[in-house]
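Participant: sequence and predicted structure are below.
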Amino acid sequence: MHESHPGVQDMACDTFLKIAQKCKRKFVTLQADENVPFICELVDSLPTIISDLQPHQVQAFYEAVGCMLSDKGPAVTIDRPALLSKLMDMPNRTWKIIMDQASKNVESLMEPNTIKEIVKILKSNNRVCSSVGPLFTSQLQTFFLDMLNVYKVYSERISAAVAQQGAIATQMSLVRTMRSAKKEVLRLLIVFIDRSGPPEAEPHAVAQGFIPPVLDPILGDYQRNIAGARDPEVLALFATVIGKLKSHVMSDVPRIMEAVFECTLQMITTNFEDYPEHRLRFFEFIKSINSHCFEALFNIPPEHQKLVVDSVVWAMKHTERNISDTGLEILHELLLNVGRTPHVSQGFYQQFLLSLIQDVFAVLTDRLHKSGFKMHATLLRLMFHLVQMNQVTVPLFDPNTAPPGQTNPVFLRDHISNLLITSFPNLTRSQVSSFVDGMFDLNMDLPTFKTHLRDFLIQLKEFSIEDNSGLFSEEAEKEAREREQALLAQRSAVPGMLKPSEIDNDL
């Protein structure tokens, strides 16, 4: 690590990290001819070891030592919190000097070199947190509130610059440097929440101790800022918070949604291209709420509930495959969750079910979303069967204009038949009738239902002249996977045929 020849230090740090990951127990337990475990010597001589390294190499070194400290097996007798504190002593001292200067004169935080130093310290903490896990709680507590104050100061300065000079301010060198520091704060919080867990970071303790101070500076800044100055990492942070802490943050979800939901939706629904990172993070955020805090979706105002459903529909109509797939997954899980929640299900079905069936049909037949065919079939089967099994007890039609004795299955059958005949004039009434009958057949399992749906699509004039291999993508992927597994098994049977990188060390 002291060799000046180009590339040698990078190689040394990478190799040290790999050794730490594979053999961490050896560093934290006492070996033959040792007075103390080797990690104690490493931490004691840390300033000398990293004296010639570049910042990114220092961060790799910190990650490696953090990886060793993450081992907490019964044979480990070292004082892990004390060693972590000693490991972080250098960045902590630098941080304290910066904070002392800022307490006398806050303008010192605006110096480009100071901001770069803050970014370096946060990156080192990030790497240690990612490798050491919940033990990092004690280290984060030493500078957590200071870090949020720094975030707040930079947020206010960026907002002031934007107010004075308009959107062009986000391209200025100082503003971009301050935004990079804000992003590092968010990334560190994301990694900490994601890696939190017992015994040092119990979910309820994290939810009570770390989340409330985060909400004001981060949510307020995101909501107030112009679109170009909003960081997608905020959405990633709260998706992680909800995914990891689940019911412990249920009461905070309406407040989080109020701050980020509408303003982000306005950014991403003007077209399919702008703010790609925000799009992806936004739908991951919705997916996280739907999976882990579903009931919170019905503790928000009704107009926001409609916006949630509209945004999911908008996602599944997206031309970007990963976003449309996420939209379909969210809708599927949303319908399953609604079905398990009797006090919201009938109101939801009455307001949204008919339009959702039409929207899924729209993406199924638009020829742009063939890759989502499996999920389209899953959703349609689920919704049609809900109606056929009389699980939808509220009327999907207007009772004032419907004929006497009208039922949901009869209404939906007529409605879908008319919709298809109007949309596809080349279809005969008997073709449509046969197809719709199959949609309501409760004996059809998913593979049979998919075949029924696929046969209908290929009858359409719009599909008949196209390459329809996308409709069979699931089967093609399954065949390719099976071929790959067979080939791997064949090569594994002959010693020396697999490269070291192809061997699974966990087996």
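Facilitator: Received, thanks. Quick caveat: nothing in here was measured; it's all calculated off a predicted structure. Numbers count the residues shown, from 1 in each chain.
Participant: longest helix anywhere in this protein?
Facilitator: If each helix of the chain is counted by residues according to DSSP state H, the longest one is helix 137-165.
Participant: between the following helix or strand past it and helix 137-165, how many degrees?
Facilitator: Downstream of helix 137-165, the first helix or strand assigned by DSSP states H and E is helix 173-195. Angle, helix 173-195 to helix 137-165, by axes from the mean of the first three to the mean of the last three Cα atoms, to 10 degrees: 150 degrees.
Participant: helix 173-195 - contacts with which helices or strands?
Facilitator: Other helices and strands packing on helix 173-195, by 3 or more Cβ pairs under 8 Å, 6 or more residues apart in numbering; DSSP states H and E, are helix 112-132, helix 137-165, helix 232-245. To be clear about C-beta, it is placed using only N, CA and C from the backbone, and glycine gets the same treatment.
Participant: most tightly packed of the ones you listed?
Facilitator: Of all those, helix 232-245 has the most neighbours on average by mean count of other Cβ atoms under 10 Å, namely a mean of 24.
Participant: what are the contacting residues of it?
Facilitator: Helix 232-245 has contacts (Cβ atoms under 8 Å, 6 or more residues apart in numbering) with 183, 186-187, 189-190, 193-194, 196, 203, 206-207, 211, 214, 218-219, 222, 249, 253, 256, 260, 264, 275, 277-278, 280-282, 284-285, 287-289, 291-293.
Participant: that one: how far from the chain's middle?
Facilitator: Its chain's C-alpha centre and that of helix 232-245 lie 7 Å apart, by Cα atoms, centre = their mean, to the nearest Å.
Participant: how about stretch 190-198?
Facilitator: How far stretch 190-198 lies from its chain's middle: 14 Å, per Cα atoms, centre = their mean.
Participant: got a list of contacts for it?
Facilitator: Against stretch 190-198 from outside (Cβ under 8 Å, 6+ apart): 126, 129-130, 133-134, 136-137, 140, 201, 203, 206, 210, 233, 236-237, 240-241, 244-245.
Participant: mind listing what His423 touches?
Facilitator: Actually, residue 423 is Ser rather than His. The neighbours of Ser423, taking Cβ under 8 Å, 6+ apart as the test, are Thr365.
Participant: can you tell me the helix or strand for the closest residue to Asp44 other than its chain neighbours?
Facilitator: Of all residues not flanking Asp44 in the chain, Lys86 sits nearest, at 7.8 Å (Cβ to Cβ, 6 or more residues apart in numbering). Applying DSSP H and E as the criterion places Lys86 in helix 80-87.
Participant: in that helix, what's buried?
Facilitator: Neighbour-count burial for helix 80-87, counted by 16 or more other Cβ atoms under 10 Å, picks out Arg80, Leu83, Leu84, Leu87.
Participant: over to stretch 90-101?
Facilitator: The neighbour-count check on stretch 90-101 (16+ other Cβ under 10 Å) flags Met90, Pro91, Asn92, Trp95, Ile98, Met99 as buried.
Participant: tell me the residue in the protein that is farthest from the middle.
Facilitator: Pro404 (49.0 Å; Cα atoms, centre = their mean).
Participant: backbone phi and psi for that one, please?
Facilitator: Main-chain torsions, Pro404, degrees, to the nearest 10: phi -60, psi 140.
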